[in-house]
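A.B. asks: need a structure here:
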Amino acid sequence: MSAEEQILKAKTSLASALERENTQTCLEILESLGKIKVTGELLKKTDIGKTIGKLRTHKDAKLAIKAKSIVKKWKDDVVQQSTNSTNSNTNGNSNRPPALSKVSTSPAPKKSSPSSSQASSPKTPSAMEGPPRTVKTDEVSFKSTGNVPRNKTIELMYASIGFGSGADSDLLLKRAMAIEKTIYLEFGDINQEYKNKVRSLALNLKNKSNPGLRESVVSGELAVEKLCKMSVDAMASEEAQARDRKLAEEALFKARGAESAQAETDMFKCGKCGGRKCTYFQMQTRSADEPMTTFVTCVGCGNHWKFC
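C.D. replies: Residues are numbered from 1 along each chain as shown. This next block holds a predicted model:
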């Protein structure tokens, strides 16, 4: 079976497992996908990157972390492919592989020799090499706002979203200026609220464990207007949000279990141990016209899941 066929088969199985909320099966499928060495063309054909990318924000922390590790591996595979292609072509005219747009919204730039016709611009250095990306190191300039603090904010936002990014400097500058303008229009002046918002955004955007936030801002997936209205919790890393959701769900199971006895049944099969001895209860977690959510716990191994 070819790599393309393996991926398409796994994609179908993954969709089915997600629909059943069978986390264990999903993890097994992701494990098999992680062993496949991909190319940019393969990712484009199968569109698997979009599916895995969405799982990075899954409510199950293990699933989210696993999906993110696969995204990173595939990104490295494509970058390595690009590097090998460049090194094997002495005239510098080899075709670049398709961008990993479905997996990572901010792929690292291709390494190439200074003599290559596709050599990176001095204004778009590799984010993982050399000094941090700033307006000064990237040698970019912008039209002054006429206000020194506002200009400093633009520079700070540029450095924040440029941290670990291989995006073009012009795109980073465009996003940085849009962020500053949105904050300024919201507060109308360089007051304490303006300063607090700038400080909060800078700290969260430069967080090493939160690359997803930076990537989504740079790519445009997360609108600047929405970013500027997000709370600190909303800006938290995908792993942190998944962990918090998992803890809240576990707390609900425990609280409900202590409140009253739950019904026992053999209608459900545990995706972890395969046992059928389970307890369950139902609760209205959404609007009244939506079906109730069923919470199931395996008596054998303690695994629990929910479905509507």
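A.B. asks: tell me where the model's unsure across the protein.
C.D. replies: Low-confidence segments of the chain, defined by pLDDT under 70, span residues 82-131, 237-262, 285-289, 308.
A.B. asks: the helices in the stretch 201-308 of the chain, which residues?
C.D. replies: 211-219, 224-227, 238-259 (DSSP state H, counting those that start in this stretch).
A.B. asks: swap in the stretch 1-150 of the chain?
C.D. replies: Counting by DSSP H, counting those that start in this stretch, the helices of the stretch 1-150 of the chain are 3-19, 23-34, 40-46, 48-55, 61-88, 148-161.
A.B. asks: export those as JSON lines, with columns for distance to Thr297.
C.D. replies: Where C-beta positions appear, they are placed from N, C-alpha and C, glycine not excepted. Listed next are those as JSON lines, based on distance: least, C-beta to C-beta, whole Å:
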{"stretch": "helix 3-19", "distance to Thr297": "20"}
{"stretch": "helix 23-34", "distance to Thr297": "14"}
{"stretch": "helix 40-46", "distance to Thr297": "36"}
{"stretch": "helix 48-55", "distance to Thr297": "24"}
{"stretch": "helix 61-88", "distance to Thr297": "18"}
{"stretch": "helix 148-161", "distance to Thr297": "43"}
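A.B. asks: contacting residues around Gly34?
C.D. replies: For Gly34, the contact set (C-beta atoms under 8 Å, 6 or more residues apart in numbering) comprises 66, 69-70, 73.
A.B. asks: next: Cys26.
C.D. replies: Contacts were defined as C-beta under 8 Å, 6+ apart; by that measure Cys26 touches 14, 17-18, 55, 63.
A.B. asks: can these go into CSV with extra columns for distance to Leu171?
C.D. replies: Rendered in CSV, the data for those read as follows (distance: C-beta to C-beta, whole Å):
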residue, distance to Leu171
Leu14, 32
Ala17, 37
Leu18, 33
Leu55, 26
Leu63, 31
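A.B. asks: so who does Ala48 touch?
C.D. replies: One thing to correct before we go on: residue 48 is Ile, not Ala. Applying C-beta under 8 Å, 6+ apart, we find Ile48 in contact with 7-8, 10-11, 33, 102.
A.B. asks: ok, those vs Gln284, which is closest?
C.D. replies: For Gln284, the closest of those turns out to be Lys11, at 33.5 Å, with distances computed as C-beta to C-beta.
A.B. asks: ok, and the closest non-adjacent residue to that closest one?
C.D. replies: Counting by C-beta to C-beta, 6 or more residues apart in numbering, Lys11 lies nearest to Ile48, which is 5.4 Å off, once chain neighbours are set aside.
A.B. asks: what angle do the helix or strand containing Leu173 and helix 211-219 make?
C.D. replies: For Leu173, the enclosing helix or strand under DSSP states H and E is helix 169-187. Using axes from the mean of the first three to the mean of the last three C-alpha atoms, to 10 degrees, the inter-axis angle of helix 169-187 relative to helix 211-219 is 100 degrees.
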